[in-house]
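Asks: This is a predicted model, with the sequence first.
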Amino acid sequence: MITFKTTRTIRDLDLRPLYEAVGWVSYTERVADLATLMVNSQLVVSAWDNEKLVGLARTVGDGISIAYLQDILVLPEYQNKGIGSKLLQKVLEMSKDIRQFVLITDGQAENRAAIAFYKKHGLQTFEETQTCGLWRVI
């Protein structure tokens, strides 16, 4: 049975295998202790199979005017079981009073499934809302 927690205290030892399993090496190669990311997040919702971390969603922001969905990831062997949907639903519910809820994801063709996932949960693209997003790539 999968349980969900809202603690921001999660050990690097638990986080690193999750980030590596989904190929997010930009985190694992640049951050010595992934637990620091959680502590400094606005909101963290994690999914656990007993003592094993199998999914995570986190936001950064000020808690009033903006929440940015920084990460949402699920171990590959636990994907397509509703865990990602539950994580996103929990984050959206906990952020319902925050004026802006934003996420940025790759727009390439191979990411269409992820975009469809977000749209299924009520999020809209910038084009659909006639807004513009800008960023600086490092």
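Replies: Noted; the coordinates are in hand.
Asks: contacting residues around the lengthiest helix in the chain?
Replies: Ranked by residue count and defined by DSSP state H, the top helix of the chain is helix 83-94. For helix 83-94, the surrounding residues in contact (C-beta atoms under 8 Å, 6 or more residues apart in numbering) are 2, 4, 6, 43, 45, 47, 54-57, 59, 67, 69, 72, 74, 101, 117-118, 120-122. Where C-beta positions appear, they are placed from N, C-alpha and C, glycine not excepted.
Asks: Just the buried ones among the residues you listed, please.
Replies: Buried subset of those (neighbour count, 16 or more other C-beta atoms under 10 Å): 43, 45, 47, 54-57, 59, 67, 69, 72, 74, 101, 117-118.
Asks: Tell me which entries of the contacts of helix 83-94 lie within helices.
Replies: Counting by DSSP H, the contacts of helix 83-94 place Phe117, Tyr118, Lys120 in helices.
Asks: which one is the first one nearest to, not counting chain neighbours?
Replies: The shortest distance from Phe117 to any residue other than its chain neighbours is 6.9 Å, reached at Gly84 (C-beta to C-beta, 6 or more residues apart in numbering).
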